[in-house]
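In: Provided below are the primary sequence and the corresponding predicted coordinates.
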Amino acid sequence: MTETRQLDTVKHATVNPDVAQPWAELGLKPDEYAQLGEILGRRPTSCELAMYSVMWSEHCSYKSSKVHLRQFGERMTDEMRKHLMVGIGENAGVVDIGQGYAVTFKVESHNHPSYVEPYQGAATGVGGIVRDILSMGARPIAVMDPLRFGPLDAPDTARVLPGIVAGVGGYGNCLGLPNIGGEAVFDPSYAGNPLVNVLCVGVMRHEDIHLANASGVGNQIILYGAKTGGDGIGGVSVLASETFAEEGPVKRPSVQVGDPFMEKLLIECTLELFAERLVAGIQDLGGAGLSCATSELASAGEGGMHVWLDRVPLRDASLAPEEILMSESQERMMAVVEPAHVARFLEICAKWDVDATVVGEVTDTGRLVIDWYGDTVVDVPPRTVAHEGPVYERPFARPTWQDSLRADGASALSRPTTGDELRATVLRLIASPNLCDKSWITDQYDRYVQGNTVLAHPEDSGTVRVDEQTGLGVAVSTDCNGRFAKLDPFAGAQLALAESYRNVATSGARPLAVTDCLNFGSPEDSDVMWQFAEATRGLAEGCEALGIPVTGGNVSFYNQTGDQPILPTPVVGVLGVIDDVTRRTPIGFATEGQQIYLLGTTRDELSGSEWAHVVHGHLGGLPPAVDFKTEAWLADLLINASRDGLIDAAHVLSVGGLAQALVESCLRHDVGARVWLPDELDPFVALFSESTARVLVAVPRSEEVRFTDMCTARRFPHVRIGVTDGHGPDATLEVQGCFTLPLADLKAAWSATLPAALGG
Amino acid sequence: MKIGVVTFPGSLDDVDAHRAVTLAGGDAVALWHGDHDLRGVDAVILPGGFSYGDYLRCGAIARFAPVMAEVVEAANGGLPVLGICNGFQILCESHLLPGALIRNDHRKFVCRDQRLRIDNASTAWTGDYTVGDEVTLVLKNGEGGYVADDATLDRLEGEGHVVARYLGANPNGSMRDIAGIANERGNVVGLMPHPEHAVEPLCGAGTDGLAFFTSVLTSLADA
């Protein structure tokens, strides 16, 4: 810099009202900018403009989605509230799982940064959600990663996928958090806009819940963790370029850079601070950095806050105050601490080599005041920044193409009929990108660290032990079939919920709560907004039907390439509790001579199926029907069968149908099976239909009578379709009257796809 | 018997090492990287993880931790020391064991259940095994390729200091399939796979790893 820049203080803004400000470049609409003048009674300072612009962005304010998300709260029944200790609105919801334990879990997106810079985008996606969970007072215990990519053979997938996987693994592995599940789904609509959603689960004792608010006048505001740098500033650099001298500022990277080692220290340090009860309120710094943390803490408390911004430790001394407020430097937390506890707080931070600085205090002014070397640069009512931003009722309308899409069902597509054709179809489907072995990805994730992982991918749910003495544990699954959601977004969201719920119950856990990551295109497109409105309505009604609440989540809009939106992708995570993890049910056939039963009813439902997608490149028609009553009925049956030790294995039927479930259950431990398909079903429909509320189970002969009695008493459809048979290199999967496939051939086809596309 | 488990900043599998020691019947004692104090333990485990972030060479900074001065001195005096994964890297950086561990040849992190053969059952940490035992442990690392010069490798093999070898496909490019080695005295063992993740049937890769922890208790009781 060759000249000193004019600091735009509150005083300066008051006496210089007519300065042109770059509100449009910062993403504010004319009426939003005008609103700032009304709130403040003057034009905003450049620091205030920066804060409002980022806090009123779609990402932070949920301004387009808020009116729809309200349903999750409005549809909450007493039954749904029963286990809910903290609901939506805090960093993450908290659920009572019994024995004095509570869990918190949430899924969030980091889609756009991961496209720009796959490794760091994905890595900091993990870091952000982990801090969210930590700031509820919980020890993070596991992560999951629902991912979406363009076609496996697209050149850009070869750039994006390895980087994203290495980033998820690199950060999570280094934090010591087991990755227990996730998804990797390929579809052309994600080619220019991959999705990186990350879920984190944390556990705490009931008495340890911490909330994000700054109350108690005189309490100190401590910023701790990494120093603040110029990363993740993004759009706000236009402010600096306006006000800096001619040669301009250094170009700042807009994607943040992660340091998992610092985050690991931050976790251990924060948990020790909690254990000594030194924290009155806490908030992590994620999107919108200090702007978000200061305004949200102050807004949720009863008073105001005074911050001395010049005290913030910097990695780059040239940062302007606007940039410090905006910086999304990772691995930072903000705590509210009683004055008597400050010394001990700083001592614990020093033990963990974590920088900690008192940067402000709680006041009774009702204002968020931020000073920069003695001059006031921000003086605002905090609620207007954090909680009372603009709310839009975006127009939405059923797309004109929706009816023709739904009319174009899969029934017209040619189907395999002979045994040889069915055999070839099985081999083709299991080798297709969405159904093939994902261990190229999951082998890069540590699933064992912390020593409590009971089930991990490719199991139906990730299951983690919470208490080593009692065996209490939690199971989590995430699901979404974007093709179903395109055919019918209402049903698509419900199908995602139903599958995730079924996955958790099939592992033996009782579903308790839901988190969602709603990935959609532009909310300014009325077609997309209709998809979003339908999906949220479907999910809210589904949760009510199942009696489990949405406890938190995330909305990601503007996922599109040009004007082509992604498939609507409402990823749904369900968390369940299992009283004794030794009773969990894995997916794999483990021993020979067990009876294989198919639970549920199979219908001719192949529109939107993986078969239609892989074999015919077809998407049209109506997705499979959802019936939550049947799903709940099935879940209860499975949970009881698992608790009573009646089943040794169980695997959900979903994408790819019965054929896929059989192959996966056989290949898990190289145990073969002899299967006869129900007489009343066409073999193709029996093998590939994706009807819901169906599960494959393996029953030991000694328990068969008790098991069938239980199904009969509950009047749940069940039919014996085979027996496990053969083990080891010569074992086969025989579908009588159709084909016999050696497991070796199945394994070769199933496991070759990703290594062939991505390199060994 | 008191078995110390060192926690460095960035240690991750320290809780698992504690659990394994307890399940084997020992008393796990937490040791802190910044203390010049082994708290009177009878043996020490350097656990897995990413000490100090391992942004430099793995283990290169941890070897300078205050507690390592005590560990090195005690190891040279015969104290049983087991370095697992990052702990193995730290033992090599500390020159308690020869050779080094470099990035996996396929350049990716790998996590899998790994078959191994026990080649030396006379160290302080492997006495409860029999030579030739085939065991399954958890392997999870990004920099697990064991390398040394030919003379060192010949000497390790010739003198029987290779403790365990990978069976099946070599998972990380380790020379001569080496998964673990011991010093001449047999009190210091470095192992890339994680025996502490194979100590109970429910979580991890079975129970084949428990004998590493019972072995040291046996050897201490016999001493």
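Out: Nice, thanks for sending it over.

In: hey, let's count contacts and neighbours off CA atoms from now on
Out: Fine.

In: Quick one: residues in contact with the lengthiest helix in chain B.
Out: When chain B is parsed with DSSP state H, its longest helix is helix B:210-222. Here helix B:210-222 makes contact (C-alpha atoms under 8 Å, 6 or more residues apart in numbering or on different chains) with B:1, B:20-21, B:23-26, B:42-43, B:80, B:124-129, B:195-196, B:198-199.

In: give the contact list for residue A:514.
Out: Taking C-alpha under 8 Å, 6+ apart as the test, what residue A:514 contacts is A:543, A:548, A:549, A:550, A:551, A:552, A:572, A:573, A:574, A:575.

In: send the alpha carbons of the longest helix of chain B over as CSV?
Out: Below are the C-alpha coordinates for helix B:210-222, written out as CSV (Å, rounded to 0.1, in the frame of the first residue of the first chain):
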residue,chain,number,x,y,z
LEU,B,210,-4.6,-59.1,21.8
ALA,B,211,-1.5,-61.3,22.2
PHE,B,212,0.8,-58.4,21.6
PHE,B,213,-0.5,-56.9,24.8
THR,B,214,-0.6,-60.2,26.8
SER,B,215,2.9,-61.0,25.6
VAL,B,216,4.4,-57.9,27.2
LEU,B,217,2.6,-58.7,30.5
THR,B,218,4.0,-62.2,30.3
SER,B,219,7.5,-61.1,29.6
LEU,B,220,7.4,-58.6,32.4
ALA,B,221,6.1,-61.2,34.8
ASP,B,222,8.8,-63.6,33.8
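
In: ok, back up a step: out of the contacts of residue A:514, who's nearest residue A:654?
Out: The closest of the contacts of residue A:514 to residue A:654 turns out to be residue A:572 (C-alpha to C-alpha; 14.8 Å).

In: Once you drop chain neighbours, what's closest to that closest one?
Out: Using C-alpha to C-alpha, 6 or more residues apart in numbering or on different chains and skipping the chain neighbours, the partner closest in space to residue A:572 is residue A:516 (4.6 Å).

In: Only alpha carbons, please: show the helix or strand hosting that neighbour as PDB.
Out: For residue A:516, the host element (DSSP states H and E) is strand A:510-519. Output in PDB follows, covering the C-alpha atoms of strand A:510-519 (Å, rounded to 0.1, in the frame of the first residue of the first chain):
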ATOM      1  CA  ARG A 510     -34.800 -47.900  16.700                       C
ATOM      2  CA  PRO A 511     -35.000 -44.700  14.500                       C
ATOM      3  CA  LEU A 512     -35.200 -41.600  16.600                       C
ATOM      4  CA  ALA A 513     -34.300 -38.500  14.600                       C
ATOM      5  CA  VAL A 514     -33.700 -37.000  11.100                       C
ATOM      6  CA  THR A 515     -31.200 -34.600   9.600                       C
ATOM      7  CA  ASP A 516     -31.400 -33.400   6.000                       C
ATOM      8  CA  CYS A 517     -29.200 -31.800   3.400                       C
ATOM      9  CA  LEU A 518     -31.500 -30.400   0.700                       C
ATOM     10  CA  ASN A 519     -29.400 -30.000  -2.500                       C
END
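
In: And the next helix or strand past it?
Out: Taking DSSP H and E, what comes next after strand A:510-519 is helix A:526-546.

In: Let me know the angle separating that next one from strand A:510-519.
Out: 170 degrees (axes from the mean of the first three to the mean of the last three C-alpha atoms, to 10 degrees).

In: OK, contacts around residue B:147?
Out: Counted by C-alpha under 8 Å, 6+ apart, residue B:147 has contacts B:99, B:100, B:101, B:102, B:174, B:175.

In: how deep is the first one tucked in, by neighbour count?
Out: Here the number of neighbours of residue B:99 (other C-alpha atoms under 10 Å in any protein chain shown) works out to 18.

In: so what's the residue nearest to it when sequence neighbours are not counted up against?
Out: Once flanking residues are discounted, residue B:99 sits nearest to residue B:148: 4.4 Å by C-alpha to C-alpha, 6+ apart. Going by C-alpha under 8 Å, 6+ apart, residue B:148 touches B:98, B:99, B:100, B:175.

In: I'd like the residues you listed as JSON lines, with pLDDT and secondary structure appended.
Out: Below are the contacts of residue B:148 laid out as JSON lines (pLDDT from 0 to 100; DSSP: H, G, I helix; E, B strand; the rest coil):
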{"residue": "B:98", "pLDDT": "98", "secondary structure": "coil"}
{"residue": "B:99", "pLDDT": "98", "secondary structure": "coil"}
{"residue": "B:100", "pLDDT": "97", "secondary structure": "strand"}
{"residue": "B:175", "pLDDT": "98", "secondary structure": "helix"}
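
In: want to throw those residues into JSON lines with distance to residue A:706?
Out: Formatted as JSON lines, those follow (distance: C-alpha to C-alpha, whole Å):
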{"residue": "B:98", "distance to residue A:706": "60"}
{"residue": "B:99", "distance to residue A:706": "59"}
{"residue": "B:100", "distance to residue A:706": "58"}
{"residue": "B:175", "distance to residue A:706": "55"}
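
In: Out of these, the closest to chain A would be?
Out: Taking C-alpha to the nearest C-alpha as the measure, chain A lies nearest residue B:175 of those, at 19.4 Å.

In: Quick check: that closest one touching residue B:145?
Out: Yes - contact status for residue B:175 versus residue B:145: in contact at 7.3 Å, counting by C-alpha atoms under 8 Å.

In: which one of these two has more residues nearby?
Out: Higher neighbour count among residue B:175 and residue B:145: residue B:145, with 22 against 16, using other C-alpha under 10 Å.

In: For chain B, give me the ranges with low pLDDT.
Out: By pLDDT under 70, chain B contains no weakly predicted segment.

In: how distant is the longest helix of chain B from the center of its chain?
Out: Relative to the centre of its chain, helix B:210-222 is centred 14 Å away, using C-alpha atoms, centre = their mean, to the nearest Å.

In: With residue B:83 as the reference, measure out to the residue in the stretch 101-250 of chain A that chain B sits nearest to.
Out: The stretch 101-250 of chain A approaches chain B most closely through residue A:176 (5.2 Å), counting by C-alpha to the nearest C-alpha. Distance, residue A:176 to residue B:83, by C-alpha to C-alpha, to the nearest Å: 18 Å.
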